[in-house]
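>>> attaching a predicted model along with its sequence, questions to come.
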Amino acid sequence: MSKQRKNKSGMGQVLALVLLLGGLIAAGSWVLMPKTAAAADVVVYKSPTCGCCKKWVSHMRENGFSVEVHEQYNVTPKKDEYGVPRRLRSCHTAKVGDYVIEGHVPADVVKQLLEENPRIAGVAVPGMPMGSPGMEGIRKDPYDVISFTDSGKTDIFASR
């Protein structure tokens, strides 16, 4: 075998090794990356008969969230467990990471919450405002997304 052929063969092996190592490093980096807001898991508790809750779940999935649904006729025990203030309650309650999501909170607000990571217990859209995700219809009413803390302090987190 000539020297030229040996050099070409050796260079091919080095190139293959470099590509393999690069691929392994890239794959390892991807596995170790923290989850982004769009990949966060949502665990929602809702009534099996509530159509607007079902639409909100679809809204969250359409916006990149994976959603685990727990259907139960009485969601009040979960609201109590998660510390949702009575005046902020709506039809369904969810957890995203360490945050409580109460009612028809838009997916972009949930993503904002996860990106900003504020020191609050959660956010809520009290009641069931027309035009909020899951409550789409012939009109769109303005509404606020309210943040709340474990001590019950509230503030406007976003307005729609």
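Here it is on my side, so go on.

>>> which stretches of the chain form strands?
Read by DSSP state E, the chain holds these strands, from start to end of the chain: 41-46, 66-71, 93-96, 99-103, 122-125, 144-148, 154-159.

>>> who's in contact with stretch 80-88?
Outside of stretch 80-88, the residues within contact range by C-beta atoms under 8 Å, 6 or more residues apart in numbering are 93, 95, 100, 102-103, 121-122, 124, 126, 146, 148, 150, 152, 154. In this view, the C-beta of every residue, glycine as well, is placed from N, C-alpha and C.

>>> buried sites along it?
82, 84-85, 88 (16 or more other C-beta atoms under 10 Å).

>>> rewinding a little: just name the most buried of the strands of the chain.
The highest average neighbour count among those, using mean count of other C-beta atoms under 10 Å, belongs to strand 122-125 at a mean of 27.

>>> would you turn the strands of the chain into a markdown table with mean pLDDT and distance to residue 132?
Rendered in a markdown table, the data for the strands of the chain read as follows (pLDDT from 0 to 100; distance: least, C-beta to C-beta, whole Å):
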| stretch | mean pLDDT | distance to residue 132 |
| --- | --- | --- |
| strand 41-46 | 95 | 15 |
| strand 66-71 | 96 | 17 |
| strand 93-96 | 97 | 14 |
| strand 99-103 | 98 | 8 |
| strand 122-125 | 98 | 6 |
| strand 144-148 | 98 | 9 |
| strand 154-159 | 97 | 12 |
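
>>> make a markdown table out of the ones you listed and add distance to residue 54.
Conversion of the strands of the chain to a markdown table gives the following (distance: least, C-beta to C-beta, whole Å):
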| stretch | distance to residue 54 |
| --- | --- |
| strand 41-46 | 8 |
| strand 66-71 | 9 |
| strand 93-96 | 13 |
| strand 99-103 | 14 |
| strand 122-125 | 16 |
| strand 144-148 | 21 |
| strand 154-159 | 23 |
